[in-house]
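*Asks:* Dropping a prediction and its sequence here:
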Amino acid sequence: MTQAFQSPGFAALAADRAVETRLVEERWQAVAWDLRTGRRRVVTDRPEGVHLSEIEPDGDAIWWFDADSAGEGRWRREPFTGGAGGEALHGVPRGRAYGVAFDRTGALAAVAVGVDGDSHCYVGPPAGEARPIGSAPGYLSLADLSPDGRLLALGGRPDGDDAVVLWPTDAEESPRADGPLRLAGHGRLRLWPIEFNPLAAAEPELLLVVEEDERYTVATWRAGAGLRGYPGLSFDSQISAGWYRGPREVLIQHERAGRSRLLLADLGPPAAPAGADELPCPVREISTPGGTIHDLSCAPDGTLHCVWSRESTPPRPLVLRPDAEAADQPDPDGGDLSRSRRWTPRPYGRIHSFVSTPAGPGPWPTLFLVHGGPATHDRDSYDPRVNVLVDHGYAVVRTNYRGSTGYGARWQHEYGHRVGLAQIEDLAAVRAELVADGTALAERTGLCGFSWGGYLTLLAMGAQPRLWSLGMAAQPIADYPAAYRTTTPALRELDRQLFGGTPDEVPERYRAADPRSYVHQVRSPVLLVASRTDERCPPEQVARYAADLRRLTVPHELLWVDGGHYSRRTADHRSVLAAMVRFAGQAWSAPLPRAPRGDRPEGSVQPMEGGEQP
């Protein structure tokens, strides 16, 4: 889904200054926003667009990441009111943006960049010379710099030894003998560093989210006190959190079954007496309209600036005041869509889907719009692709298969390293239900996915060939072992978590999850969309899959596009969707064979066809 804007970033010490990343002439650009006058000034004019922008705490300057289509570049800086700009920190090598942060005043900045598979940290005064702090192999993201500028918080693999890395800014370029302090996750314990308390009067206090025993809990860390959880702030599905205005207030966003809610909690005194961890924290829910909060930021005056939508309403800005009794309830847009939510029971749980159909009676030709990730989920939110496809006569299904967030730790993690296989079993189960109840035409059910959703599309087309009569995959993983070896360090780390190792360590798991293992079974038309500058799902492995289809004489099309893995130009997204509409229309243009009402292809309810077990 493409929004026209993101929530603004506010200058902590200049209440009338903010930066936005907005669509300007169909490209994302950094925009300086003067709240006092209401004037907005477009800071950047990059042909590829800009995805990352920040503002210094004093509001003096805007930072933005100048990246190429492969995602590599440098941070640049320009005065808020305009004028000559330049490198934000001198001496930082070109690489991937792994995070940026400032101290309390903005006198010191920190950045993390990925270069040749390693993560490197630097600090320095804005527009000045950067000083290297340290480096580590693999992917570490910079969460924050402490208000006093003395400590960096970085996040690695949530269940690994580097789940949280706390690095003093006076460290040498190579780690000291004692090294940075590390908070380790393990097994069922996962840790995510969020940010330092900006109002902590003494030593730095870090806010975290902890996942343990199938619960997601707010926690803090302080030197000497260690890690402290707050059982009263424990949830059954994913949360995000951030410090609010008061010295111990925390804002929590809870995601559950495709909807968002906001809560405000008071953690109480930092030096709690013995047994205080068991005491409940005062919590109140902030009134929000039903739907999804896509992005959220807090202004210095305490108002919350959100990007909000629901299925029938496109994304729009929503300003909330936590002390207000009720939020405005935006009126839903009209339309000719019939929308429903389905829960498909299975022995391991219920599969949640959002189903949109044209007006009138079914059954309809049906496309599963498969989300990527896998650690995300489809929501009660507006997706323009759904409207376009329904307008062309298709029922559209968005299924939150196992591995999706928003349904708890067990749903996200516990499918036995059967990567891809568990997910397409869920898609098949939902398909069977929709065919049985007259929503979907059995002979006209297909898959459409982007990124990891494109991967699942290709896997299902080969592993379940009798179920799917069309597959359209944009920027997909088509050859999993090859993609692992050539993708970004962050995605290699994700794959190691999903599979429990590398292709060399657990080759049978990668082989069972690889679309090329099943390509000889593909029998229906396939559209492949790829970019030659895609750093996440590299183009060579997609080209090899297309060559396999050509050798097997499977009807297919390979469409090359610009923009890398995810183009910053909205016109590129529209052209890909138009190509998919055209391809589906051509593939399903032949009249259906006459069959008794309710007939379904043999094996339509089977979760896999061959090669099911790794």
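*Replies:* All right, it came through fine. Because the structure is predicted, anything quoted here is derived from the model rather than measured.
*Asks:* rest of the way, CA atoms for contacts and neighbours
*Replies:* OK.
*Asks:* tell me the centre residue of this structure?
*Replies:* Most central residue of the chain, judged by C-alpha distance to the mean C-alpha position with C-alpha atoms, centre = their mean, is residue 376 at 5.7 Å.
*Asks:* Just to be sure, that one is in a helix?
*Replies:* No: secondary structure assignment (DSSP: H, G, I helix; E, B strand; the rest coil) places residue 376 in coil, not in a helix.
*Asks:* Quick one: the strands in the stretch 201-350 of the chain, in order.
*Replies:* Listed in chain order, the strands of the stretch 201-350 of the chain (DSSP state E, counting those that start in this stretch) span 205-212, 215-222, 226-235, 239-243, 249-256, 259-266, 283-286, 292-298, 304-310, 313-320, 338-346, 349-357.
*Asks:* Which among these is found nearest to residue 167?
*Replies:* strand 205-212 (12.7 Å; C-alpha to C-alpha).
*Asks:* and the closest one, average pLDDT?
*Replies:* Throughout strand 205-212, pLDDT has a mean value of 96.
*Asks:* Quick one: residues contacting the residue nearest to the centre of the chain.
*Replies:* The contact partners of residue 376, taken as C-alpha atoms under 8 Å, 6 or more residues apart in numbering, are 404-406.
*Asks:* Can I get the residues you listed in CSV including distance to residue 537 and neighbour count?
*Replies:* Converted to CSV, these look like this (distance: C-alpha to C-alpha, whole Å; neighbours: other C-alpha atoms under 10 Å):
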residue, distance to residue 537, neighbour count
404, 20, 22
405, 22, 26
406, 25, 25
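*Asks:* on that earlier part again, quick one, which of the strands of the stretch 201-350 of the chain gets closest to residue 580.
*Replies:* Taking C-alpha to C-alpha, strand 349-357 is the member of these nearest to residue 580, at 17.9 Å.
*Asks:* So what angle separates the directions of the very next helix or strand once past the closest one and strand 349-357?
*Replies:* Moving toward the C-terminus from strand 349-357, the next helix or strand (DSSP states H and E) is strand 364-370. Taking axes from the mean of the first three to the mean of the last three C-alpha atoms, to 10 degrees, one finds that strand 364-370 is oriented at 120 degrees with respect to strand 349-357.
*Asks:* mean confidence score for the longest helix seen in the chain?
*Replies:* Longest helix in the chain by number of residues, with DSSP state H as the criterion: helix 570-587. Helix 570-587 shows a mean pLDDT of 90 in the predicted model.
*Asks:* Check stretch 270-280 too.
*Replies:* 59.
*Asks:* again with stretch 257-267
*Replies:* 94.
*Asks:* And residue 404, how far from residue 490?
*Replies:* With the distance defined as C-alpha to C-alpha, to the nearest Å, residue 404 ends up 18 Å from residue 490.
*Asks:* what are the ranges of the helices in this protein?
*Replies:* With helices called from DSSP H, the chain shows them at 384-391, 409-413, 421-436, 452-463, 480-486, 489-499, 507-513, 539-551, 570-587.
*Asks:* winner for burial among these?
*Replies:* Sort those by mean neighbour count, taking mean count of other C-alpha atoms under 10 Å, and helix 452-463 sits at the top with a mean of 29.
*Asks:* helices or strands next to that one in the packing?
*Replies:* Using 3 or more C-alpha pairs under 8 Å, 6 or more residues apart in numbering; DSSP states H and E as the contact criterion, the neighbours of helix 452-463 among helices and strands are strand 364-370, helix 421-436, strand 440-450, strand 471-474.
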